[in-house]
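Undergrad: okay, here's the prediction I keep looking at, along with the sequence it came from:
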Amino acid sequence: MIEVSEKSAIETARAIAKGETSAVAECDAAIARIEERDSDINAVIVRDFDRAREAAAEADAAVAAGEARPLLGVPMTIKESHDIAGLPTTWGVEMAKDFIAQKDSLVVQRLKAAGAVFVGKTNVPPMLADWQSDNPVYGRTNNPHDLSRVVGGSSGGSGAVLAAGMVPLEYGSDIGGSIRIPANYCGVYGLKPSYGIVPLEGHYFPGTDGADIPLSVTGPLARTAEDLALAINLTSDIALQGAPSRSLKDYRLLVITDTELAIVDDEIAQAVESIAAQCENAGATVSRSSDLLPDLAGLHSQYLHMLLTVLAVRDPTSEYPLPDLPGWCDMLDQQARARRHYRALFEEFDAILCPNAGTTAFPHTPVPMNDRKLIVNGEEQEFGKQFGWVSIATYPGLPAVSAPIGADSEGLPIGLQIITDFHADHTAVELGRLIGALGNG
C-alpha cells in the first residue's frame, strides 16, 4: 500500500486561514506533486496551472481581507466530464477532442464560490462507460498502488489523483459505480449522493444541453470522510439532514456478502465480515438477513433495463429496444416501488454494508466490458456478474459511500459500500468515518 501524508481539504483550508501556509504555496505544492508523481499514473490529463496560480493569489488576497470560505485556497482537480470554462470536455471521445467549454458547471461554480482552486481535470473512459480509464484522447490511467492495474471508472483519474496524494479533493459522477469503483480500487473515500440533490448542469456530453439523465448523479471523492461531508454540503441543492454525532453502538446494520445477486471474491467478503464484526464489538446491532430486503436480483434486472434504455437514447448506433411512453412510465413506477420498499427497510436499519465490486483492481485489458472475464475465487467469471453490488443503491437513487477498509493479499485496496436511506447521505458518510476510525483505534 502507498503512504500519503498530505493534508486533507479541511486541514488545508484551516492552515491557510490561520496563516500557517498560503493558497499560492499550497497550489505550487500540488502542481509540484502532479509534475513529480503523475508521469507514470496519467491522472491529471488537462492541466490549468497558470490560471490556478492566479486564482490562488486571489484567494490569498481574500484571506488578507478577512474573508472566510470553507475551501478558500484549497487546490483540487475534477473529473474531465465536468465543464470548466476555457478547458476541453471530451468524455474521452475523439470526435469531441476539440470541444472547449464556455461556462463552468454548477458544481464547479459552487466549489469556486467556496474558494476552491482548480489545477486541472482528471481522466475518464470513453463515454464514461467502463471500470478502467483509458481513452483515445488522453490514454490510460494507472493505479498508484500497482501501475499494472486499473483505477476504476468512470471517475478513474479522480481516484488515482487522490490515492497518489496530488490533491486533497475531487468531484466525479456515478451511474454504474463510477464514483464508488475508483474509490474502491484506489483506497479512498467516495460518495454517490442521493439522486437529484446535486445539479447535473454542465455535466452533459460535449456540446449538448438537455434534461438530467435518469440514475446519474455527481458527487465528491476525498481522502477523508470529513471532506466528503463538506463537499456535498457545498454542492447540494437541498439542505441535507446532518448525521447525529454518535458512536457505532447506536447503529443498526444489515450486512450482505453472500447473495445470488453478484459474485464477490472471498477476500473481499471476509474483509466486509471482519468490519461488521468490529462494528458489532463496538456495540452496533448487526444483522445478516432480513425479510424486509427486496428481491435484489429482480431489482437489478429492472436497473439494467433502465440503464441500457437511458444509454441507448443517447447512442444513435445502439440497437437496444426502446420502450414507448407507457413502457417508460411503467419503468418509473417499478423504480418508485423499489424506493418505497427500501424506505420500509430503513425504518429497521440505519445502513446496508456490502462490497462495491467482485474483485479488487484488475489488470489493464483491451477486452471490452461485454466480453471481459474476471478471475474470482480461482474461477473465470463474466465481468458483468459483479455489477449487482452497485445497483443496490443506484436503482432506487440511494446514497452510498465507498470507504477503504484494508487490502487484499496483493496489497490492493478493498472498499466497503455503505448504503443509507434516501437523503440520508450524511449518515453514510458518518458511518464511513466511524468505520475508518476502527482501524486507527
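TA: Arrived safely, thanks for sending. Numbering: from 1, shown residues only.
Undergrad: nearest residue to the middle of the protein?
TA: Ile179 (2.0 Å; Cα atoms, centre = their mean).
Undergrad: so what does the lengthiest helix in the chain touch, helix or strand wise?
TA: Longest among the helix segments of the chain by residue count, using DSSP state H, is helix 325-345. When contacts are defined as 3 or more Cβ pairs under 8 Å, 6 or more residues apart in numbering; DSSP states H and E, helix 325-345 sits against helix 296-313. Where you see a C-beta, it was placed from the backbone N, CA and C, and this is true even at glycine.
Undergrad: what are the contacting residues of the helix it packs on?
TA: 129, 175-176, 213-216, 256, 259-262, 318, 320, 322-323, 328, 331, 334-335, 338, 387-388, 391-392, 394-396 (Cβ atoms under 8 Å, 6 or more residues apart in numbering).
Undergrad: same question for stretch 33-44.
TA: 6, 47, 77, 119-123, 138-144, 147, 151, 156-158, 160-161, 164-167.
Undergrad: redo that, cut-off 7 Å
TA: Stretch 33-44 is contacted from outside by 77, 119-120, 122-123, 139-142, 144, 147, 157, 160-161, 164-166, using Cβ atoms under 7 Å, 6 or more residues apart in numbering.
Undergrad: equivalent analysis for stretch 149-159, please.
TA: Contacts of stretch 149-159 (Cβ under 7 Å, 6+ apart): 43-45, 79-80, 122-125, 128-133, 141-143, 160, 170, 172-173, 178-179, 181-186, 188, 221, 361-364, 412.
Undergrad: I'd say Ala243 and Gly432 touch.
TA: No: in this structure Ala243 lies outside contact range of Gly432 using Cβ atoms under 7 Å: 10.1 Å.
Undergrad: for these two, indicate the residue with more neighbours.
TA: Higher neighbour count among Ala243 and Gly432: Gly432, with 28 against 19, using other Cβ atoms under 10 Å.
Undergrad: contacting residues for the more buried one?
TA: By Cβ under 7 Å, 6+ apart, the neighbours of Gly432 are Tyr189, Ala225, Val401, Ala403, Ile418.
Undergrad: separation between Asp425 and Gln278?
TA: For Asp425, the distance to Gln278 equals 23 Å [Cβ to Cβ, to the nearest Å].
Undergrad: so which of those two has more stuff around it?
TA: Taking neighbours as other Cβ under 10 Å, Asp425 and Gln278 compare with Asp425 leading, 30 against 17.
Undergrad: nearest spatial neighbour of that one, chain-adjacent residues omitted?
TA: Setting aside the residues directly before and after it, Asp425 is nearest to Pro399 in space (Cβ to Cβ, 6 or more residues apart in numbering), at 4.1 Å.
Undergrad: for that neighbour, what are its contacts?
TA: Leu191, Lys192, Pro193, Ser194, Thr420, Ala424, Asp425, Ala428.
Undergrad: change it to 8 Å
TA: By Cβ under 8 Å, 6+ apart, the contact list for Pro399 reads Leu191, Lys192, Pro193, Ser194, Ala393, Ile419, Thr420, Phe422, His423, Ala424, Asp425, Ala428.
Undergrad: model confidence for the most far-flung residue of the chain relative to its centre, exactly?
TA: Distance from the centre of the chain peaks at Ala65, with 35.2 Å (Cα atoms, centre = their mean). Note on Ala65: pLDDT of 98.
Undergrad: okay, domains of this structure per the record?
TA: 9-235, 248-438 (automatic domain parsing).
Undergrad: and those, which is most packed in?
TA: Mean neighbour count, computed with mean count of other Cβ atoms under 10 Å, is highest for domain 9-235 among the domains of the chain, reaching a mean of 22.
Undergrad: before we move on, back to that, what's the first helix or strand after the longest helix of the chain?
TA: strand 351-355 (DSSP states H and E).
Undergrad: now what about that following strand, what contacts it?
TA: By Cβ under 8 Å, 6+ apart, the list of residues contacting strand 351-355 reads 251-257, 262, 264, 268-269, 272, 275-276, 279, 389, 392, 415-420, 427-428, 431.
Undergrad: fine by me, thanks again.
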